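K.L.:
the following comprises the amino acid sequence and a computationally predicted model.
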Amino acid sequence: MNSSIERDIRTIQSIEAVPHIMKMLSDVTGLRFICVARVTEDNWTMCSVLDQVNFNLIPGDELDIKTTFCSQVRKSTKPIVIEHAKEDTVYRESEIPIMYGFESYFSYPIYNKNGDFFGTLCGLDPLPAVLKTDKIENQIKSFAELISRQMEVDDRLATAETNLLSEQAAAKLREQYIAILGHDLRTPLSALKMGVDFLVEHASDATSQKVLSRMDNSAKRMTRLISDVMDFTHGQMGKGVQLSVKPVNDLESVLAHTVSELSSLHSDRDIRANINIEGTFSCDPERISQLLSNLLINAIIHGDSAQPIKVVASIEQETLTVSVSNGGTPISADVIDKLFHPFWRNENNKKTGGLGLGLFIASQIAEAHKGSLMVHSDENETVFSFKAVL
C-alpha cells in the first residue's frame, strides 16, 4: 500500500462523524454492511467500516477494483442503487452480487477538497431492501456530501496549522477557522440534523432515543457556536450584531424557555428563575434569549456546582433588567477587564471550554440594544447584569 493511500485512510478515520454516519445509514436503510472506500483507477481500499454480517474486511484491506461497482461510480460519478440484485433489470446478470453474496447495495461518490473523486460511501446486505425512495436516497447523498465536506474542512485546518509560523499566520488561521465554522459547517450540520430528526421519528427503543437525544444536543451546541462565530465576524467587519427588532408580548415565556432548555441539559445544576415581564416591548427576543443563554452557560461552567444559579428578569419603568448570579471564587479586577474580549479565556480555570466568545457576544447584543452589560463579583456571588430601555 502506498503512502498516499495510507494517508487517505488516516484522514477518514480521523473524522469523528464517520462511525455515526455509518450507524445511522445502517438504521435508515436496513443494510448491515456500510463502509467508506478509497477508490482509484487501479485500487479499492477499505478506509472505515461497519460490518454486522461478518464480511471480515478491515481498514487497509483491498479488493480487486474490477470486482466492484465502485469503479463504475468513479467513471460515471453517478451513484448505483440496487434493491434486489436477482430481480434488477440492469444488474441481475452481473457476477459481482453473486461473488460477494448481496442482494441490496448502494454506492455514492465522495470527493476531496479539490472536487476530485476520492472514493465511495457503500452499503450492502445479503437480503433485499427498499432503497429507491426520495427520502432514503437524499439521506445517503447528504451523508456522502457531509463526509466530502468534512474532509475539506479537516484539510483546511491541517494546512492552516502548518502555516502557523508567526502572529500574522495565527491571525490568518483564526480567520480561516471562523470561515469554516461560520459557513462550511452549516451544510453538513444541516444534513446531520436532518438525519437525527428522521431517526427520532423511526427509532422505538429507549437506547436509540437516548443516543439520538445526545446527538441532537450536540448539534444544537454546534449551531450556537456557529452563531457566535458569525456574530463575531459581523462585528469584526464593522456591522455589529444583527438585530430583528419587533413588538414582543411574550418575552417572559421566551426567557423562561431558555432557562428550561439549559436546565434540562444540565440537570445536575440547581438553576432558579424569577422572571416577571408583562407588556409589549420593542426588541429582538431571540437575541435577548441568546444573551441570557450565554450568561447562563458561563455561570454553569464557572460557578460553584454546589451553589444555585439565580436568574432574575423584570421590567421597571420601561427598563429591562436580566441578571444571572452564581457562587464560587470571586473574579479578580484584572480578569473582569478582559471578560468581554473576544477569544479570551481564563487559562487558570480548567473547566474553561468553547471558543471564548460567549460573553463577548452577550456584550455586543447589549450594545446593539443600546444597553449595558455589567459584572460584579465578591466573596458572596458573581452577578452579570444586562439593562436596556425598551
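P.N.:
Alright, I've got the coordinates.
K.L.:
what about Val153, neighbour count?
P.N.:
18 (other CB atoms under 10 Å). (C-beta placed from N, C-alpha, C; glycine too.)
K.L.:
you'd agree Ser244 is in a helix?
P.N.:
No - looking at Ser244 with DSSP: H, G, I helix; E, B strand; the rest coil, it is coil, so not inside a helix.
K.L.:
can you report phi and psi for the nearest residue to it once chain neighbours are set aside?
P.N.:
Of all residues not flanking Ser244 in the chain, Asp284 sits nearest, at 5.1 Å (CB to CB, 6 or more residues apart in numbering). When read as degrees, to the nearest 10, the backbone of Asp284 gives phi -110, psi 100.
K.L.:
list the contacts for Asp284?
P.N.:
In this structure, Asp284 makes contact with Leu243, Ser244, Val245, Lys246, Ala368, His369, judged by CB atoms under 8 Å, 6 or more residues apart in numbering.
K.L.:
which among those count as buried?
P.N.:
Among the contacts of Asp284, those classed as buried by neighbour count (16 or more other CB atoms under 10 Å) are Ala368, His369.
K.L.:
pick out the most distant pair among the contacts of Asp284.
P.N.:
Lys246 and Ala368 (14.2 Å; CB to CB).
K.L.:
of the contacts of Asp284, closest to Phe69?
P.N.:
Ser244 (49.4 Å).
K.L.:
give me the pLDDT for that closest one.
P.N.:
Here, the pLDDT recorded for Ser244 equals 88.
K.L.:
show me what contacts it?
P.N.:
Counting by CB under 8 Å, 6+ apart, the residues that Ser244 touches are Asp284, Glu286, Arg287.
K.L.:
show me where pLDDT drops low in the stretch 51-200 of the chain?
P.N.:
158-188 (pLDDT under 70).
K.L.:
okay, and the beta partners of Ser377?
P.N.:
As for beta bridges, Ser377 partners with Thr382 under DSSP bridges.
K.L.:
hang on, it packs against Gly327?
P.N.:
No - using CB atoms under 8 Å, Ser377 is not in contact with Gly327, being 10.6 Å away.
K.L.:
three-state assignment of the spatially closest residue to Val49 that is not a sequence neighbour?
P.N.:
Take Val49 and drop its neighbours on the chain: the residue closest to it by CB to CB, 6+ apart is Cys35, 4.2 Å away. Here Cys35 is recorded as strand under three-state DSSP.
K.L.:
for Cys35, what are its contacts?
P.N.:
Met22, Met46, Cys47, Ser48, Val49, Leu50, Asp51, Leu57, Leu121, Cys122, Gly123.
K.L.:
which of those sits closest to Ser264?
P.N.:
Looking across these and measuring by CB to CB, the closest to Ser264 is Met22, at 29.3 Å.
K.L.:
surely the closest one is within a helix?
P.N.:
Yes - counting by three-state DSSP, Met22 falls inside a helix.
K.L.:
list the contacts for it?
P.N.:
Met22 neighbours (CB under 8 Å, 6+ apart): Ile34, Cys35, Val36, Ser48, Val49, Leu50.
K.L.:
let me have those in a markdown table, extended by pLDDT.
P.N.:
What follows is the contacts of Met22, written out as a markdown table (pLDDT from 0 to 100):
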| residue | pLDDT |
| --- | --- |
| Ile34 | 96 |
| Cys35 | 96 |
| Val36 | 96 |
| Ser48 | 95 |
| Val49 | 96 |
| Leu50 | 96 |
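K.L.:
tell me which element Pro247 is part of?
P.N.:
strand 246-248 (DSSP states H and E).
K.L.:
what about the following helix or strand past that strand, average pLDDT?
P.N.:
Next in sequence after strand 246-248, counting helices and strands by DSSP H and E, comes helix 251-265. The average pLDDT within helix 251-265 is 92.
K.L.:
for Thr280, see how far away the residue of the chain most remote from its centre is.
P.N.:
Taking CA atoms, centre = their mean, the residue of the chain most remote from its mean C-alpha position is Glu93, at 43.2 Å. Applying CB to CB, to the nearest Å, the value for Glu93 to Thr280 is 71 Å.
K.L.:
over to Leu131?
P.N.:
Taken as CB to CB, the span from Leu131 to Thr280 is 52 Å.
K.L.:
returning to that earlier point: where does the residue nearest to Ser244 land on pLDDT?
P.N.:
Per the predicted model, pLDDT is 93 at Asp284.
K.L.:
wasn't Leu373 part of a strand?
P.N.:
Yes - counting by three-state DSSP, Leu373 is found in a strand.
K.L.:
what's the burial count for the nearest residue to it once chain neighbours are set aside?
P.N.:
In this structure, Leu373 finds its nearest non-sequential neighbour in Ala366, 4.0 Å apart by CB to CB, 6+ apart. By other CB under 10 Å, 23 other residues sit near Ala366.
K.L.:
list the contacts for Ala366?
P.N.:
Leu291, Ser372, Leu373, Phe386, Ala388.
K.L.:
picking up where we left off before, if I look at the residue nearest to Ser244, how far off is Asn298?
P.N.:
20 Å.
K.L.:
and the helices in this structure?
P.N.:
Assigned by DSSP state H, the chain shows helices spanning 3-13, 17-29, 70-76, 95-100, 134-162, 167-179, 186-202, 206-236, 251-265, 285-302, 333-336, 358-368.
K.L.:
redo these as a markdown table? Include distance to Leu63.
P.N.:
Formatted as a markdown table, those follow (distance: least, CB to CB, whole Å):
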| stretch | distance to Leu63 |
| --- | --- |
| helix 3-13 | 13 |
| helix 17-29 | 18 |
| helix 70-76 | 9 |
| helix 95-100 | 9 |
| helix 134-162 | 19 |
| helix 167-179 | 37 |
| helix 186-202 | 28 |
| helix 206-236 | 31 |
| helix 251-265 | 44 |
| helix 285-302 | 48 |
| helix 333-336 | 58 |
| helix 358-368 | 49 |
